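> model the structure of this input:
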Amino acid sequence: MREKTQNTWAWAVPIMLALGFVPLISTAKQYTSNLNNNNWFSNSSNFVDIFLYWKGQALILLAFIMMAMMICYTLSAGWSPVKKKLLVPELAWLSVYLVFATLSAFLSPYGACALTGGYEQWEGLNVILAYGVLAVYAYMVLDSERIIRYVVYSIIGGSFILGLIGTFQYMGMDLFRGSFGQAIMSLMSENKMKYSFNFPEGWVYATLYNPNYVGSYAALVLPVLVVTAMTEWKKLSRIWTVLSIMGACLMIVTLLGSQSLTGCVGIIAGLVFAAAYRFLHFLREQGWKKILIIAACAGAFAAVAAVLFPKEIQYGMNKLFHPTQDTHITKKILPAQSGLEVTTVEDQVFYVTVTGETSEPLRVRDAEGAEVSIVKDAEQNYYTFTDERFKKFRLCPGTVDVGNKRYYCVQISNPEIDKKWTVAKVGESYQIYNSLGKLDALEEIPAWGFENRQHFGSKRGYIWSRTFPLLKKHLFLGSGPDTFTQEFPNNDYVGKMNMNYDGVPVTKPHNMFLQIWVQTGFVSLAGYLLLFFWYFVKSVKLYWNRPLQTIPERIGFAVMISLFAYMVTGLANDSTVTVAPVYWGMLGLGMAVNRIVRKG
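Predicted coordinates:
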């Protein structure tokens, strides 16, 4: 019997485009950063984005289309929100998230960036509101198994294409490094441009800008691909089964080629949760024999992956269990009444005074005020210490020219690890002369946690240690969407030099939850988390005793696992316009499928 529903496949088109097509958009946008007024940012103001801006613009356009379609939907004969059971707590929590994101944007000290996004992220308020529209629209209009199939088809098709691009990148045949890919990237620019890439050949980023985001995307789509590969679709079953299997294989290669440990952890967490969740049901239905067979197959698969991708797996394990050791020896450099205060990682302190005199350009004293002996090299214009406490340091006097003015300066270096800071005497105080040729104040940078472990998680330890102190000022409202770059202490010249970030702005915290807290506030983060947990708890209860025989049951179960895996990746990855539309669309899909399953 045909399902009774007022909806046709046309209602699913905007969702299909958001989930299947938007992540593939890769074309250039030339823009002005508006960050060059910061001393820690480059003097350059013109930049080119390829993988972010137009994804966001496409999603915003789709959001307007979906809002128009929702108006038509609400005016349809016989429709009412109570009858459709659309007044649910999930939408209340979504409202909390969006309202406080909106307040944070309009009250942000960083102006238009919070509204429209900017440098290297392009996830402003306009994009965040589009996420909300996508989730609500999907929840409203997906009201039958037939229309849900079309959305799942878009996930399969989009992930298949993205996995194919990523697999070719892993094999050294990067689409975007060839003439055809360059033409695609220049599609929206006035002139055809020649692009360079930060990642070496063989490192997978697909169309998602960063290998980390490949991990988040894979965590979202792999559970759905695996479940659909095991589901009888009746019509076109062979085509979609084959595409699902191939897509899953391509995504696994793409994931390993991206070397995203976070993505692997998210997928493993999803698999462990799914196995534990369905273990008793599977044991009752299939018995121990099949469980042991599946476990053996999983072990064999892991062994094959270890043989085929040894370097990638070793790289991931080292990031987690054997991070690079902190080797820096300089902890702080600050102006003080006694001169320029330099603190070592052993908390030993010495003070440098720049005199500007030819015979004695530098004077050095320790924390007690005693003179510290320094010796000038016979051939080079630098001084070394005879004091064992500071023997790893070298001082070099000189001058710098800034704004048609000349300042006496000292270069403090750690030659063994190639770290150096040039500090100029400006009036009676001292300022850093940074690698961008600008003078800037030296300030005490608050930090918490990861002492001597700043390289943890590919330097996430350093970024998190500087992000945690920001949280207390954003309990109610955040700094504004897409303003983490401005809020993070990018003037941490000592810390960034120690991490090899000198001259490179930190634009994201590598943690989705810290990102939301800083940018839109703790209340907004609470709404975001409660939205997910309310959906997740309902799903866990709903599918606990279900046999998972029908297509809605299987899709609902797969989406639950996908969203759980994505939230796990959020512990070390950010929200990004390259992947987040898939999450929000699938969240709306998951809530809609749950409604269908409950109705039976």
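
> tell me the contacts of Val375?
Neighbour list for Val375: 383-386 [criterion: C-beta atoms under 8 Å, 6 or more residues apart in numbering]. For glycine as for every other residue, the C-beta is placed from the backbone atoms N, C-alpha and C.

> how does it look with 7 Å?
Neighbouring residues of Val375 by C-beta atoms under 7 Å, 6 or more residues apart in numbering: 383-384, 386.

> which of those count as buried?
383-384 (16 or more other C-beta atoms under 10 Å).

> ok, so of the contacts of Val375, who is nearest Gly427?
Nearest to Gly427 among the contacts of Val375: Tyr383, at 23.8 Å, using C-beta to C-beta.

> is the closest one in contact with Leu362, as I believe?
Yes. Here Tyr383 reaches Leu362: they are 6.3 Å apart, a contact under C-beta atoms under 7 Å.

> quick check: neighbours shared by the two?
In terms of C-beta under 7 Å, 6+ apart, Tyr383 and Leu362 are both contacted by the residues 374, 395.

> figure out how far stretch 469-479 is from the centre of its chain.
On the basis of C-alpha atoms, centre = their mean, to the nearest Å, stretch 469-479 sits 19 Å off its chain's mean C-alpha point.

> can you tell me what sits against it?
100, 103-104, 107-108, 110, 446-448, 487, 517-524.

> that one: end-to-end distance?
Stretch 469-479 has an end-to-end distance of 14 Å (C-alpha to C-alpha, to the nearest Å).

> mean confidence (pLDDT) on it, please.
Average pLDDT, stretch 469-479: 96.

> over to stretch 497-506?
So the average pLDDT for stretch 497-506 ends up being 92.

> name the element the residue of the chain positioned farthest from its centre belongs to?
The centre of the chain is farthest from one residue, Ser359, which by C-alpha atoms, centre = their mean lies 52.8 Å away. Under the criterion DSSP states H and E, no helix or strand holds Ser359.

> and Tyr535, how many neighbours?
Residues lying near Tyr535 (other C-beta atoms under 10 Å) number 24.

> excluding chain neighbours, give the residue nearest to Met188 in space.
Thr27 (4.6 Å; C-beta to C-beta, 6 or more residues apart in numbering).

> can you list the low-confidence ranges for the protein?
For the chain, applying pLDDT under 70 flags the ranges 1-7, 76-87, 190-194, 234-236, 279-299, 301-323.

> ok, residues contacting the strand or helix carrying Phe536?
Following DSSP H and E, one finds Phe536 within helix 522-543. Contacts with helix 522-543, where a contact means C-beta under 7 Å, 6+ apart, come from 89-90, 93-94, 96-97, 100-101, 104, 474-476, 478, 513, 516-517, 553, 556-557, 560, 563-564, 567, 587, 590-591, 594, 597-598.

> and if we set it to 6 Å?
Identification of contacts with helix 522-543 by C-beta atoms under 6 Å, 6 or more residues apart in numbering yields 89-90, 93-94, 96-97, 100-101, 475, 516-517, 557, 560, 591, 594.

> please apply the same query to stretch 353-361.
339, 363, 397, 408, 410, 425.

> around the residue lying closest to Phe197 once chain neighbours are set aside, count how many other residues there are.
Using C-beta to C-beta, 6+ apart and skipping the chain neighbours, the partner closest in space to Phe197 is Arg177 (6.9 Å). Neighbour count of Arg177, defined by other C-beta under 10 Å: 14.

> cool, and the one 3 residues further on?
Other residues within reach of Phe180 by the criterion other C-beta under 10 Å amount to 9.

> residue contacts, it?
By C-beta under 6 Å, 6+ apart, Phe180 has no neighbours at all.

> dump the C-alpha coordinates for the helix or strand containing it into PDB.
According to DSSP H and E, Phe180 maps onto helix 179-185. In PDB, the C-alpha atoms belonging to helix 179-185 read as follows (Å, rounded to 0.1, in the frame of the first residue of the first chain):
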ATOM      1  CA  SER A 179      44.700  21.800 -14.900                       C
ATOM      2  CA  PHE A 180      41.100  20.600 -14.600                       C
ATOM      3  CA  GLY A 181      41.000  21.100 -10.900                       C
ATOM      4  CA  GLN A 182      42.700  24.500 -11.200                       C
ATOM      5  CA  ALA A 183      40.000  25.500 -13.600                       C
ATOM      6  CA  ILE A 184      37.300  24.400 -11.100                       C
ATOM      7  CA  MET A 185      39.000  26.400  -8.300                       C
END
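
> start the count at 818, not 1, going forward
Renumbered: residue one is now 818, and that last one reads helix 996-1002.

> can you tell me, leaving aside adjacent residues, what's nearest to Tyr936?
Leaving aside its chain neighbours, Tyr936 sits nearest to Ser850 (4.7 Å; criterion: C-beta to C-beta, 6+ apart).

> how much space between the one you found and Tyr1094?
Look at Ser850 and Tyr1094: by C-beta to C-beta, to the nearest Å, they are 46 Å apart.

> what do you get for Arg1363?
Distance from Arg1363 to Tyr1094, by C-beta to C-beta: 11 Å.

> please apply the same query to Lys1325.
32 Å.

> the more surrounded of the two?
Lys1325 (23 against 17).

> my guess is that one meets Ala1389, correct?
No. Judged on C-beta atoms under 6 Å, Lys1325 makes no contact with Ala1389 at a distance of 11.2 Å.

> what segments of the stretch 1168-1317 of the chain are helices?
1273-1284, 1301-1304, 1310-1315 (DSSP state H, counting those that start in this stretch).

> which of those helices sits closest to Gln1165?
helix 1310-1315 (15.1 Å).

> after the closest one, next one along is what?
helix 1329-1337.

> what does that next one rub up against?
With C-beta under 6 Å, 6+ apart as the test, helix 1329-1337 has contacts from 917-918, 921, 1284, 1287-1288, 1291, 1295-1296, 1298, 1300-1301, 1304, 1326, 1342, 1345, 1387, 1391-1392.

> quick one: residues contacting Tyr1383.
1036-1037, 1400.

> now it: which helix or strand?
Since the elements are taken from DSSP H and E, Tyr1383 ends up inside helix 1368-1386.

> what's the next secondary structure element after that helix?
Downstream of helix 1368-1386, the next assigned helix or strand under DSSP H and E is helix 1397-1416.

> count of residues packed around the closest residue to Thr1239 other than its chain neighbours?
Nearest non-adjacent residue to Thr1239, counting by C-beta to C-beta, 6+ apart: Tyr1250, 4.3 Å away. The tally of other residues near Tyr1250 (other C-beta under 10 Å) stands at 23.

> look up the residues forming beta bridges with Tyr1250.
Thr1239, Leu1256 (DSSP bridges).

> Pro1398 is in contact with Ala835, correct?
Yes. Contact criterion C-beta under 6 Å: Ala835 and Pro1398 qualify, at 4.9 Å.

> so Ile1150, which state does it fall into?
strand (DSSP: H, G, I helix; E, B strand; the rest coil).

> can you pull the contacts of it?
Ile1150 touches 1159, 1238, 1259, 1311, counting by C-beta under 6 Å, 6+ apart.

> can you select the buried ones from the residues you listed in PyMOL?
The command below creates a PyMOL selection of those among the contacts of Ile1150 that count as buried (16+ other C-beta under 10 Å):
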select buried, resi 1159+1238+1259+1311
